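Colleague: could you work out the structure for the sequence below:
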Amino acid sequence: MKRSKMQDSLLALLGLAAVAVYVLACRPSFSPDGARIVFPSIDTDAKQAAILCYDLKEKTLETVYRHIRVPQIREPETPADPKKPAGAKSEPSLFYGSSSEQSLHSVQWHADGRRVVINALSYIMVLPVGAAAPARMLQLEHALDAGVLMNPQPVLGRYQYLTNKKLILRVDLDTGAILSKEAGAESVLFGQDGRLFYYSNVEAGDKPDHMEIGSLDPETLAMAPQIRLGAEECGEISGFAAMARDGSRLALTTRIKDSPAMLLFRGQKVEKILAVAEGRNGVNAGNAEWALDGKTLFVAYTREFPDKDSCQYGVMEMPVDRGSPRDIPLFSGGCSDDSVILFQIALSPNGRTLAANGACLEAKDLKGEHRALYLIDLADPARRVIQVPVPSASAGGTAGVKR
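Modeller: Prediction:
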C-alpha cells in the first residue's frame, strides 16, 4: 500500500511504525443508552479536527468540539542592526500557535451518559453533551506518546487509565490528581464491564522476548499476569484488543505469516487462530468487536484493489466456532498503511447496530459522499446500511442521512 506522510511514533509494541499528522483514535462511541454516537472527524484541507454527535432517533448531527490547527506564524522582522555589516540579515524567529501533535484526539462516552471524555496528547477534556454544566480541561504536564490515542483509554467511574511509555497512569477526572506506577514494559490498556486489562511486549535486551496479558487493579495499578506467550507465537500484534462482554474470550488483531488473523484466548491459553483472509491478498485487519453472545467477531478491514491505488473498506462478520465469514463492504477510497487505524468500528449497547467511522480519512483518499458515519443494522438479515454524510468544514454544507 502507499504510505501517507508520517510524523509521530507509535508505541514500539504496536508493530506499526508511525501515524499521520492528524491521526485520531477514530473509533465511534455509543452513549450508554445507545441513543447517540460520538465520533471524531478530520478535515486536512481546513486543518481542523472535530468531535461530532449523531442522534439516532432525531437523525441530527451536531459538532460538539472543534480543534483548529493554527498555521506557522513568523514574528515581524526586527530593524537592521547598524553594527552588523551591510547586507547582513537577521533570521526571524518562529513560533507556533499549535503544534501538529495537538490535532490528535480520541473520544468516548462517560458511563453517566451526560459527558464525553476527549483525549489529546497533552490534555484531557470532560465535555457535557446536552447538559448545562461546565467543560473541564485537565492539562498534562508531559505529552503522551501518540500511540496511546490509537485506542480509547479506559474510564472507570471518576478515573481514566492511560499509559505513558513504561508508566501506568490513573487520572482523576474531577481533580486532575494522578497516580502512576512503573509497568516494566510498554503496555496497551483496555477495559470491559468495570474491569481493566493490559498486554505488554516484554523485551530481553533490545529484542522482543514474550507477550504478557493480564488484569490491572484499578486502585493500586498492580499488574497480575495471566497469559504469557513467546514472541514467535504472537505474530505481528497490531495494537487492537477486544474482550467479550462476559470476559470469557479475548481477541487480538495480528498478522501471522503476512496474513491478517485474530488471536483468540480463552482462560489462560490460546484457543484458536481465526484467519481474516488467507494469503497475501492485500487485506489489513483493524479493530474488532464481539457480538453480545460471544459467538461472532466483527472486524474492520481494508482490502487493496489490484491496481494498488485504492482499497475497499468494510466489516468482516466472523463466526468464531462454526460457519463462514460474511463480508459487509461499505465504501472504497485511497489507502495507506495506517488506514485501519483511521477506520474503526463500535457496537451498540444492545448489540443491534454496528457503527463504522469513515470521517477520518484524508480528503484526497475519499470522495465526498463516502465521508460518513456508517450504521449497519445487525437485526436485518440483509445487513442494511444507513449512511450519515459528514460535511467538510472547508466545503461547507449540512449533514443528511442516506439509506
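Colleague: which one is L264 nearest to, not counting chain neighbours?
Modeller: Once flanking residues are discounted, L264 sits nearest to E271: 4.7 Å by CB to CB, 6 or more residues apart in numbering. Glycine gets a C-beta too; all of them are placed from N, C-alpha and C.
Colleague: now the helices for the protein?
Modeller: For the chain, helices defined by DSSP state H occupy the ranges 231-234, 339-342.
Colleague: other residues contacting the first one?
Modeller: For helix 231-234, the surrounding residues in contact (CB atoms under 8 Å, 6 or more residues apart in numbering) are 201, 207-211, 252, 254, 263, 270.
Colleague: among those residues, name the least confidently predicted one.
Modeller: In terms of pLDDT, P208 ranks lowest among those, with 62.
Colleague: now the strands for the stretch 151-300 of the chain?
Modeller: 155-156, 159-164, 167-172, 178-182, 187-192, 195-204, 207-216, 223-230, 241-243, 249-256, 259-266, 269-275, 283-290, 296-304 (DSSP state E, counting those that start in this stretch).
Colleague: what's the closest of those strands to L121?
Modeller: strand 159-164 (10.2 Å; CB to CB).
Colleague: how far is the closest one from where the chain is centred?
Modeller: Mean-position distance between strand 159-164 and its chain equals 15 Å (CA atoms, centre = their mean, to the nearest Å).
Colleague: check stretch 349-357 too.
Modeller: On CA atoms, centre = their mean, the centre of stretch 349-357 falls 16 Å from the chain's centre.
Colleague: quick one on the thing from earlier: which of the helices of the chain sits closest to R136?
Modeller: Closest of the helices of the chain to R136 is helix 339-342, at 27.8 Å (criterion: CB to CB).
Colleague: can I get the strands of the stretch 151-300 of the chain in JSON lines including distance to K364 and mean neighbour count?
Modeller: Compiled in JSON lines, these are given as follows (distance: least, CB to CB, whole Å; neighbours: other CB atoms under 10 Å):
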{"stretch": "strand 155-156", "distance to K364": "34", "mean neighbour count": "18"}
{"stretch": "strand 159-164", "distance to K364": "32", "mean neighbour count": "20"}
{"stretch": "strand 167-172", "distance to K364": "36", "mean neighbour count": "20"}
{"stretch": "strand 178-182", "distance to K364": "40", "mean neighbour count": "14"}
{"stretch": "strand 187-192", "distance to K364": "30", "mean neighbour count": "21"}
{"stretch": "strand 195-204", "distance to K364": "34", "mean neighbour count": "19"}
{"stretch": "strand 207-216", "distance to K364": "35", "mean neighbour count": "17"}
{"stretch": "strand 223-230", "distance to K364": "40", "mean neighbour count": "15"}
{"stretch": "strand 241-243", "distance to K364": "31", "mean neighbour count": "21"}
{"stretch": "strand 249-256", "distance to K364": "26", "mean neighbour count": "22"}
{"stretch": "strand 259-266", "distance to K364": "25", "mean neighbour count": "20"}
{"stretch": "strand 269-275", "distance to K364": "32", "mean neighbour count": "15"}
{"stretch": "strand 283-290", "distance to K364": "19", "mean neighbour count": "24"}
{"stretch": "strand 296-304", "distance to K364": "16", "mean neighbour count": "23"}
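Colleague: got a markdown table for those, with distance to S31 too?
Modeller: Formatted as a markdown table, the strands of the stretch 151-300 of the chain follow (distance: least, CB to CB, whole Å):
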| stretch | distance to S31 |
| --- | --- |
| strand 155-156 | 13 |
| strand 159-164 | 18 |
| strand 167-172 | 22 |
| strand 178-182 | 27 |
| strand 187-192 | 17 |
| strand 195-204 | 21 |
| strand 207-216 | 25 |
| strand 223-230 | 31 |
| strand 241-243 | 20 |
| strand 249-256 | 24 |
| strand 259-266 | 28 |
| strand 269-275 | 30 |
| strand 283-290 | 16 |
| strand 296-304 | 19 |
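Colleague: mind checking which of these is nearest E317?
Modeller: Comparison of these against E317 by CB to CB identifies strand 296-304 as nearest, at 5.7 Å.
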